[in-house]
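> Quick one, structure for this:
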Amino acid sequence: MAQSTRAVVIGGGIGGLTAAVALHQRGWQVTVLERARSLEPVGAGISLAPNSLRALDVIGLGDEIRGLAAWHGDGGLRTPGGRWLSRTSADAAARRFGGPLVLLHRATLVDRLAVRLPPGAVRTAAAATLADPGDADRPARVSTADGELEADLVVAADGIRSAVRRTLFPEHPGPVYSGFTTWRVVLTLPGVEFASHETWGRGRLWGSHPLKGGRVYAYAAATAPAGERAQDERAELLRRYGDWHHPIPEILAAARPEDVLRHDVHHLAEPLPAFHHGRVALLGDAAHAMPPSLGQGGNQAVEDAIVLAHHCTDLPAYTAARLPRTTAITRQAVRAARLSTAANPVAVAVRDTAIAALSVAGPALFLRGFDAIADWRPPVAGPPA
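Below you'll find the model as predicted:
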């Protein structure tokens, strides 16, 4: 493929936009088609680990994001009553993985990616379907309301319910319910200081993390039947978590019902046979949706995007580089989700005792689970001139 070739990205989320920027910097003509009327994502934070920050370094965005984000300070894992099961050190994590863990609003990252694309490259309210995946002898074709687009590469970043994935791999069973639902909220909470934490109870958990500017990102998860909803999700959170330790009651008191987002969690339990077919490549949740228990969903989408740009003329190499890694991380995330949402009292007591003992042995032991994740490095130092 020549450097003037054309790429069409279906989906304007973090993974799709990162791929678009990386391909644009390599000389590709890029069009991003986003079904929604705006790129503004739902209100939630995203945690970026050293692996995805290194990936963003490839497109010249890593340092800017490090400057805009809140760096994770010391924190750890707690019980609902407030007892620390495990303490983690930000310095120890940075030394172990070669960089910090940071937190920012998803909208900030989306905005910083979008401004790196040429005017007109992103089309919103632009639903798209894959008409033909193409092959070595013909381009791929994408259908839109305004007509068809031909592309030398189609990047399918259309999320966990990916229509492109269903077209390419119709025999794949698709996502399955992970067994729990989640709530998320971003709000301003001035004057309330606390250490970042995740708190594990019986069949439920809560996380609180400071953002810059006096804002807080909080999330919760609980085992529940798929599709279950409450008339007032803030009241539901208050019922489930209102008697948990500081700052959870303060966060719930400051939240409005309209601030609370709720989504059931699904993942791809069965790996895809490949992340490409013809001239189409899948990335992010379309390729390997995973539970959020390791905080790696968005991070892996960013990794995908940078590796895809590196292998943009050799899609089998992209699959070879990404499929084994993301399959292993997805399975690890499923195991972590089962551990954190365990509901059996005996299992919870054993879990908490083991975590506390591990913490006494040394914080570095608790970080070992991320050794093959956060220390990842991109295949190139930067895009070619």
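> Glu150 bridge partners, please.
Arg141 (DSSP bridges).
> Pull the contacting residues for it.
Shown in contact with Glu150 (CB atoms under 8 Å, 6 or more residues apart in numbering): Arg6, Pro139, Ala140, Arg141. Where you see a C-beta, it was placed from the backbone N, CA and C, and this is true even at glycine.
> try Ser196
By CB under 8 Å, 6+ apart, Ser196 lies in contact with His72, Gly73, Asp74, Gly75, Ser208, His209, Pro210.
> all helices for this protein, in order.
Under the criterion DSSP state H, the chain carries helices at the ranges 14-25, 50-58, 62-68, 90-97, 106-114, 163-168, 233-241, 248-254, 285-288, 297-310, 315-340, 345-361, 363-367, 371-374.
> CSV please, covering those helices and showing mean pLDDT, mean neighbour count and distance to Gly81.
Below are these laid out as CSV (pLDDT from 0 to 100; neighbours: other CB atoms under 10 Å; distance: least, CB to CB, whole Å):
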stretch, mean pLDDT, mean neighbour count, distance to Gly81
helix 14-25, 98, 28, 36
helix 50-58, 97, 24, 32
helix 62-68, 96, 15, 35
helix 90-97, 86, 16, 25
helix 106-114, 96, 20, 32
helix 163-168, 98, 20, 43
helix 233-241, 98, 18, 12
helix 248-254, 97, 18, 11
helix 285-288, 98, 28, 35
helix 297-310, 98, 27, 30
helix 315-340, 97, 18, 17
helix 345-361, 91, 13, 11
helix 363-367, 63, 16, 20
helix 371-374, 90, 18, 30
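> Which among the ones you listed is found nearest to Tyr177?
Within those, the stretch nearest Tyr177 is helix 315-340; the backing value is 11.6 Å (CB to CB).
> now that closest one and helix 345-361, what's the angle there?
110 degrees (axes from the mean of the first three to the mean of the last three CA atoms, to 10 degrees).
> How much space separates the residue positioned nearest the centre of the chain from Pro118?
Note on the chain: the residue nearest the mean C-alpha position is Gly298, at 2.1 Å, using CA atoms, centre = their mean. Separation of Gly298 from Pro118 (CB to CB, to the nearest Å) stands at 24 Å.
> now swap in Gly27 and tell me
12 Å.
> Neighbour count: these two, which is higher?
Neighbour tally, Gly27 and Pro118, criterion other CB atoms under 10 Å: the higher count belongs to Gly27, 13 against 10.
> ok, the strand ranked longest in the chain: who's next to it in the sheet?
Criterion DSSP state E: the longest strand present in the chain is strand 176-188. Using DSSP bridges, strand 176-188 pairs in its sheet with strand 215-223 (antiparallel), strand 261-267 (antiparallel).
> in it, what's buried?
Residues Ser178, Gly179, Phe180, Thr181, Thr182, Trp183, Arg184, Val185, Val186, Leu187 are the ones in strand 176-188 that count as buried (16 or more other CB atoms under 10 Å).
> Can you tell me, leaving aside adjacent residues, what's nearest to Gln29?
Spatially, and ignoring its direct neighbours in sequence, Gln29 is nearest to Arg6 (4.6 Å; CB to CB, 6 or more residues apart in numbering).
> what's the burial count for the one you found?
For Arg6, using other CB under 10 Å, the count is 18.
> now swap in Val30 and tell me
By other CB under 10 Å, 24 other residues sit near Val30.
> just Asp135 next, same as before
Asp135: 11 surrounding residues under other CB under 10 Å.
> go on, Ala222?
For Ala222, using other CB under 10 Å, the count is 21.
> What residues does the closest residue to it other than its chain neighbours make contact with?
The spatially closest residue to Ala222, leaving aside those adjacent along the chain, is Arg204, at 4.0 Å (CB to CB, 6+ apart). By CB under 8 Å, 6+ apart, Arg204 lies in contact with Ala220, Ala221, Ala222, Thr223, Arg240, Tyr241, Thr341.
> try it again with 7 Å
Arg204 makes contact with Ala220, Ala221, Ala222, Arg240, Thr341, according to CB atoms under 7 Å, 6 or more residues apart in numbering.
> what do you get for Ile65?
Each residue near Ile65 by CB under 7 Å, 6+ apart is listed here: Leu48, Leu53, Leu56, Val102, Leu104, Leu109, Arg112.
> For the helices of the chain, give me JSON lines that also has distance to Ala131.
JSON lines is the format used below for those (distance: least, CB to CB, whole Å):
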{"stretch": "helix 14-25", "distance to Ala131": "19"}
{"stretch": "helix 50-58", "distance to Ala131": "31"}
{"stretch": "helix 62-68", "distance to Ala131": "36"}
{"stretch": "helix 90-97", "distance to Ala131": "43"}
{"stretch": "helix 106-114", "distance to Ala131": "26"}
{"stretch": "helix 163-168", "distance to Ala131": "9"}
{"stretch": "helix 233-241", "distance to Ala131": "39"}
{"stretch": "helix 248-254", "distance to Ala131": "47"}
{"stretch": "helix 285-288", "distance to Ala131": "17"}
{"stretch": "helix 297-310", "distance to Ala131": "21"}
{"stretch": "helix 315-340", "distance to Ala131": "19"}
{"stretch": "helix 345-361", "distance to Ala131": "50"}
{"stretch": "helix 363-367", "distance to Ala131": "47"}
{"stretch": "helix 371-374", "distance to Ala131": "37"}
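> Nearest to Ala127 among these would be which one?
Ala127 lies closest, by CB to CB, to one member of the helices of the chain: helix 163-168, at 9.5 Å.
> Show me what that closest one is packed against.
Helices and strands touching helix 163-168, by 3 or more CB pairs under 7 Å, 6 or more residues apart in numbering; DSSP states H and E, are strand 128-132, strand 280-282.
> Which residue, other than its chain neighbours, is closest to Gly214?
That would be Pro190: by CB to CB, 6+ apart, it lies 4.6 Å from Gly214.
> Good, wrapping up.
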